[in-house]
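J.: The following block contains a protein sequence and its predicted model.
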Amino acid sequence: MRLETERLVLRRWREEDLAPMAGVNADPEVMRWIGDGTTRDEETTRAGIEAAERSWEEQGFGLFALEERATGRMLGFAGLAVPLFLPEILPAVEIGWRLDRAHWGRGLATEAARAALAYGFGEAGLDRVVSVVQTGNRASERITEKLGMVLDRETVTPGPHRAVRVYALDRPRPGS
């Protein structure tokens, strides 16, 4: 599975992605809006990559490893996952992204999310996709707006009890 955009390659995970992704997950600023904000080590990152690969095998969608086309550098991920951390919205499929901070502010997350969303509505056959954004994470809210997503609800996550906004987008109808 491989998607290409103007600047990015979205692909399945490889062993050599572990170290750069662990570096992304170890950055407190990157992780600030993820769960309770805790950074993740290499072991936890490996478990996340393995879960993403299981999702591909079991559900036909998952998180894509994200690399820069021009350099082949691994930047993070973008893709689709089931948001088990927020049971009240299940069944649902969430679009998400996480990029190395050095690559923020260039529109790469939006570019990757658009490609993943097209895959979700196309090949994966999804009818609806959500995005769960912690209240205050204006950068991710801007991405959801660029994707055409609309606010569905505001709620609080179990566990870390973080206020979140759930955005949603339904599969475009033919001719619309």
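T.: Structure's in. What do you need?
J.: Please count neighbours and contacts with C-alpha atoms only from this point.
T.: Will do.
J.: Check which helices and strands the one helix or strand Val133 maps to sits against.
T.: Counting by DSSP states H and E, the element that carries Val133 is strand 128-134. The helices and strands touching strand 128-134, judged by 3 or more CA pairs under 8 Å, 6 or more residues apart in numbering; DSSP states H and E, are strand 94-99, helix 108-121, helix 138-146, strand 163-170.
J.: In a markdown table, list the ones you listed along with mean neighbour count.
T.: Below are these laid out as a markdown table (neighbours: other CA atoms under 10 Å):
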| stretch | mean neighbour count |
| --- | --- |
| strand 94-99 | 22 |
| helix 108-121 | 21 |
| helix 138-146 | 17 |
| strand 163-170 | 19 |
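J.: For those, give me CSV that also has distance to Thr5 and mean pLDDT.
T.: Formatted as CSV, the entries for these read as follows, by distance: least, CA to CA, whole Å; pLDDT from 0 to 100:
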stretch, distance to Thr5, mean pLDDT
strand 94-99, 15, 98
helix 108-121, 7, 98
helix 138-146, 16, 97
strand 163-170, 21, 98
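J.: how about TSV for those, with distance to Ala70 added?
T.: Output for those, formatted as TSV (distance: least, CA to CA, whole Å):
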stretch	distance to Ala70
strand 94-99	16
helix 108-121	13
helix 138-146	23
strand 163-170	31
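J.: how far off strand 163-170 does the strand holding Val133 point, in degrees?
T.: Strand 128-134 and strand 163-170 are oriented at 160 degrees to each other (axes from the mean of the first three to the mean of the last three CA atoms, to 10 degrees).
J.: Tell me which of the helices and strands packed on strand 128-134 lies nearest to Asp152.
T.: Of all the helices and strands packed on strand 128-134, the one in closest proximity to Asp152, counting by CA to CA, is strand 163-170 (5.1 Å).
J.: Adjacent strands (with direction) for that closest one?
T.: Neighbouring strands of strand 163-170 in its sheet, by DSSP bridges, are strand 128-134 (antiparallel), strand 150-156 (antiparallel).
J.: Run through who's touching the last one.
T.: Yep, that's strand 150-156 we're talking about. Residues lying outside strand 150-156 but in contact with it, judged by CA atoms under 8 Å, 6 or more residues apart in numbering, are 144, 162-169.
J.: can you redo those as TSV with distance to Gly122?
T.: As requested, these are exported to TSV (distance: CA to CA, whole Å):
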residue	distance to Gly122
Thr144	19
Arg162	32
Ala163	31
Val164	28
Arg165	25
Val166	22
Tyr167	20
Ala168	17
Leu169	14
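J.: Longest helix in this structure, please.
T.: Determined from DSSP state H, the single longest helix within the chain is helix 42-59.
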